[in-house]
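K.L.:
no FASTA, just this:
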């Protein structure tokens, strides 16, 4: 393992320290936690707080999406480990303005349990909390750390829409309805060329041969649905779009948002080639996404690979939410 | 080589196609070239055009920095190969509004020659063109493709300042003076943990042992100034800040901008830990940068490594230029 770190035990606090000191105009640390809150507290006045979080190792997720128009705060756990209920609760308190707090949780057993316990702590204090559990990964039902489907990169579309609606003054109940409406329309599927190496573990979570890839791998190196020999970008796209089509029933009279997400070690060059092939493949169905985003947004440390998210914009307002201006480290 | 590509010969046109189709609201292709121009042509009216470019493989550089407030256009060559004079000339024509065009060129023999030839073509057509050659890499004098020092990530600070000044109406002569004033104040130094693999070559540009790093490597895998055993982030920072201090003479009564730049395969987690250590080290000298940026901004395909740029803000206006709002794919 060759990584630019100090003691592997300290990667999370050191990373968060680096982040909040680089962008003090956007995020501040919540004292004695690994959670960050937006610096622009003014913009939260009178609004529902929106928080998210999860294990570290997915940077810029989640802290990179904290800021006006998106998340109010984000809580980080140790690498690939859920944040603790007390830290989540600190984030809830930091953003509550008396109008309640909405939590966006990715579907992992630890996250679901710990965010629920934080909600109980808040309830006892009279803070109203509601939440959505995102399960956009269509690769497999149930998984290493998950009952049902996993939550992956499509979660960022949830952050964006809920963050925009909250900034426009939506109530806690309205946010919950919106999140429930949106959820089934966001689907993601990934392919891995290599696995992530957790610093404290020191070796990759699995191994693939020099000419091998795995479809459907999760963002913590959870197994996918099949291994294949390496193939061209066009062939990868064909496989992934096939799966998304089965699930979302892609049609030219519907509108879509697209997210091409690099897993950490896959260069933008490859992400944009994959994007071209995806747009060509969608073009065969006369589909041009109404909103597109490409980059390393929900990573898996140093994993090589890519995920493709399609979000069916069943309501015209959702596109406005995606285009709503934000001020964050990683979404512009 | 396991890369998400199709034919290795086609990576540049396919990548650029993916980029312009993902962000049509920001960049458009200049027909029959690998050059992109900002979509918002209105914002260029009456202003000096600002262009840059160079070999591909450094994404999001350069096309990712095209947009209002930054570059007017960017020209891409094949991977690690200078763009041709005729394509640079097309970019000059696409952005000239009668007030001339300023070119920001990184110091590589091929780039310097080809941008000069494009200037001659423009001169013959009556388009006034001036330029700056950026040589911010303090690692070595002369190099594989360079007379003098190489141009690397610090070039982005030049893009930002010149782009802002141009947007505010600076004349061609004013931009030239500004660029010359700024140039010696931008210094960069890098460390590599692995080399980049050019798709058409199929193997890394050099090899390092499992426990080895190389200081001062360039963005095309040009040799650095020494190999060492892998060390901690704090020790890396100490070496790199030492070199920058020798060159810039860091002082607490001066203001600085800082850029921590990932080389393509180094995760944000490591970049932010390195950032923390850099801020701690600068803190020992009572220096807190007035402007900071962290991310994969001038990459070397899939190289693992990091570069550190310090820019001494000798003129207060330069900080305003850095903070000037832009609308690009990769700088926000």
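P.N.:
That came through fine. Please read these numbers as outputs of a predicted model, since none were measured by experiment.

K.L.:
CA only for contacts and neighbour counts going forward, please
P.N.:
OK.

K.L.:
Any figure for the gap between the residue of the stretch 51-200 of chain A found nearest chain B and residue A:77?
P.N.:
Closest contact between the stretch 51-200 of chain A and chain B, by C-alpha to the nearest C-alpha, is at residue A:59 (6.0 Å). Using C-alpha to C-alpha, to the nearest Å, residue A:59 is found at 12 Å from residue A:77.

K.L.:
Comparing these two, which residue is more hemmed in?
P.N.:
residue A:59 (25 against 22; other C-alpha atoms under 10 Å in any protein chain shown).

K.L.:
got a list of what the residue of the stretch 1-150 of chain A found nearest chain B touches?
P.N.:
Taking C-alpha to the nearest C-alpha, chain B has its nearest neighbour within the stretch 1-150 of chain A at residue A:18, 4.0 Å off. Going by C-alpha atoms under 8 Å, 6 or more residues apart in numbering or on different chains, residue A:18 touches B:272, B:273, B:274, B:275, B:276, B:277, B:279.

K.L.:
and it, that one's in a strand?
P.N.:
No. Residue A:18: not assigned to a strand; according to DSSP: H, G, I helix; E, B strand; the rest coil it is helix.

K.L.:
got the residue ranges for the helices in the stretch 51-200 of chain A?
P.N.:
A:85-95, A:109-124, A:155-167, A:172-182 (DSSP state H, counting those that start in this stretch).

K.L.:
quick one: average confidence on stretch A:3-21?
P.N.:
In this model, stretch A:3-21 has a mean pLDDT of 98.

K.L.:
now swap in stretch A:261-273 and tell me
P.N.:
97.

K.L.:
which residues make contact with it from outside it?
P.N.:
With C-alpha under 8 Å, 6+ apart as the test, stretch A:261-273 has contacts from A:153, A:219, A:233, A:260, A:294-309, B:3-5, B:11, B:14-19, B:57, B:59-60, B:264-268, B:301-302.

K.L.:
go on, stretch A:165-184?
P.N.:
A:43-44, A:46-50, A:68-70, A:99-102, A:129-132, A:134-136, A:158, A:162, A:321.

K.L.:
Quick one, which of the residues you listed are buried?
P.N.:
A:44, A:47-50, A:68-70, A:99-102, A:129-132, A:134-136, A:158, A:162, A:321 (16 or more other C-alpha atoms under 10 Å in any protein chain shown).

K.L.:
Tell me which of the residues you listed fall in strands.
P.N.:
A:49, A:50, A:101, A:102, A:129, A:130, A:131, A:132, A:134 (DSSP state E).

K.L.:
any idea how far residue B:196 is from the closest residue in space to the fifth one that isn't next to it in sequence?
P.N.:
It refers to residue A:129. For residue A:129, ignoring the flanking residues on the chain, the nearest one in space by C-alpha to C-alpha, 6 or more residues apart in numbering or on different chains is residue A:101 at 4.9 Å. From residue A:101 across to residue B:196, the span is 45 Å (C-alpha to C-alpha).

K.L.:
cool, and residue A:90?
P.N.:
For residue A:90 relative to residue B:196 (C-alpha to C-alpha), the value is 43 Å.

K.L.:
Between these two, tell me which one has more neighbours.
P.N.:
Higher neighbour count among residue A:90 and residue B:196: residue B:196, with 25 against 20, using other C-alpha under 10 Å.

K.L.:
any chance you could read off phi and psi for that one?
P.N.:
Dihedral angles of residue B:196 (phi, psi; degrees, to the nearest 10) stand at phi -80, psi 150.

K.L.:
wouldn't it be in contact with residue B:299 here?
P.N.:
No. Here residue B:196 does not reach residue B:299: they are 9.5 Å apart, not a contact under C-alpha atoms under 8 Å.

K.L.:
Neighbours of residue A:177, how many?
P.N.:
Residue A:177 has 12 nearby residues by other C-alpha under 10 Å.

K.L.:
Apologies, that question was intended for residue A:1.
P.N.:
The burial count for residue A:1: 13, using other C-alpha under 10 Å.

K.L.:
how would you label the closest residue to it other than its chain neighbours: helix, strand or coil?
P.N.:
Excluding its sequence neighbours, the residue lying closest to residue A:1 (C-alpha to C-alpha, 6+ apart) is residue A:202, at 5.6 Å. For residue A:202, the assignment made with three-state DSSP gives coil.

K.L.:
swap in the one 4 residues further on?
P.N.:
For residue A:206, the secondary-structure state derived from three-state DSSP is coil.

K.L.:
Quick check: it touching residue A:220?
P.N.:
No. Assessed by C-alpha under 8 Å, residue A:206 is found out of contact with residue A:220, at 10.3 Å.

K.L.:
Neighbour count: those two, which is higher?
P.N.:
residue A:220 (24 against 12).

K.L.:
How is that one assigned, secondary-structure-wise?
P.N.:
coil.

K.L.:
For the stretch 51-200 of chain A, what lies in contact range of chain B?
P.N.:
By C-alpha under 8 Å from any C-alpha of the partner chain, the residues of the stretch 51-200 of chain A that approach chain B are A:57, A:59, A:60, A:193.

K.L.:
who's in contact with the last one?
P.N.:
Contact criterion C-alpha under 8 Å, 6+ apart gives A:208, A:212, A:213, A:214, A:303, A:304, A:305, B:2 as the residues in contact with residue A:193.

K.L.:
ok, now how distant is it from residue B:58?
P.N.:
Using C-alpha to C-alpha, one obtains 21 Å as the distance from residue A:193 to residue B:58.

K.L.:
Same question for residue A:288.
P.N.:
27 Å.

K.L.:
where does the stretch 201-332 of chain A come near chain B, residue by residue?
P.N.:
A:210-211, A:230, A:232-234, A:264-277, A:279, A:292-294, A:301-302, A:332.

K.L.:
Among these, which lie within helices?
P.N.:
Counted as lying in helices by DSSP state H, out of these, are A:233-234, A:268-277, A:279.

K.L.:
Grab the nearest non-local neighbour of residue A:13.
P.N.:
residue A:34 (6.5 Å).

K.L.:
And for residue A:77?
P.N.:
Excluding its sequence neighbours, the residue lying closest to residue A:77 (C-alpha to C-alpha, 6+ apart) is residue A:83, at 3.7 Å.

K.L.:
try residue A:119
P.N.:
The spatially closest residue to residue A:119, leaving aside those adjacent along the chain, is residue A:129, at 5.9 Å (C-alpha to C-alpha, 6+ apart).

K.L.:
Pretty sure that neighbour sits against residue A:98.
P.N.:
No. Contact criterion C-alpha under 8 Å: residue A:129 and residue A:98 do not qualify, at 10.7 Å.

K.L.:
who's in contact with residue A:311?
P.N.:
Residue A:311 neighbours (C-alpha under 8 Å, 6+ apart): A:154, A:157, A:185, A:186, A:187, A:256, A:257, A:258.

K.L.:
rerun that using 10 Å as the cut-off
P.N.:
Contact analysis of residue A:311 by C-alpha atoms under 10 Å, 6 or more residues apart in numbering or on different chains lists A:136, A:154, A:157-158, A:182-188, A:248, A:255-259, A:289, A:291, A:318.

K.L.:
hang on, the earlier thing: what residues do residue A:206 and residue A:220 have in common as contacts?
P.N.:
By C-alpha under 10 Å, 6+ apart, residue A:206 and residue A:220 have these common neighbours: A:195, A:196, A:197.

K.L.:
Direction included, what does whatever helix or strand residue A:37 lives in pair against?
P.N.:
Per DSSP states H and E: residue A:37 is located in strand A:35-38. Paired neighbours of strand A:35-38 in the sheet (DSSP bridges): strand A:27-29 (antiparallel), strand A:73-79 (antiparallel).

K.L.:
residues of that strand that come out buried?
P.N.:
Of the residues in strand A:35-38, A:35, A:36, A:37, A:38 count as buried by neighbour count, 16+ other C-alpha under 10 Å.

K.L.:
Name the residues linked to the second one by a beta bridge.
P.N.:
Under DSSP bridges, the beta-bridge partners of residue A:36 are residue A:29, residue A:74.

K.L.:
now residue A:232, nearest residue through space, not along the chain?
P.N.:
Nearest non-adjacent residue to residue A:232 (C-alpha to C-alpha, 6+ apart): residue B:6, at 5.0 Å.
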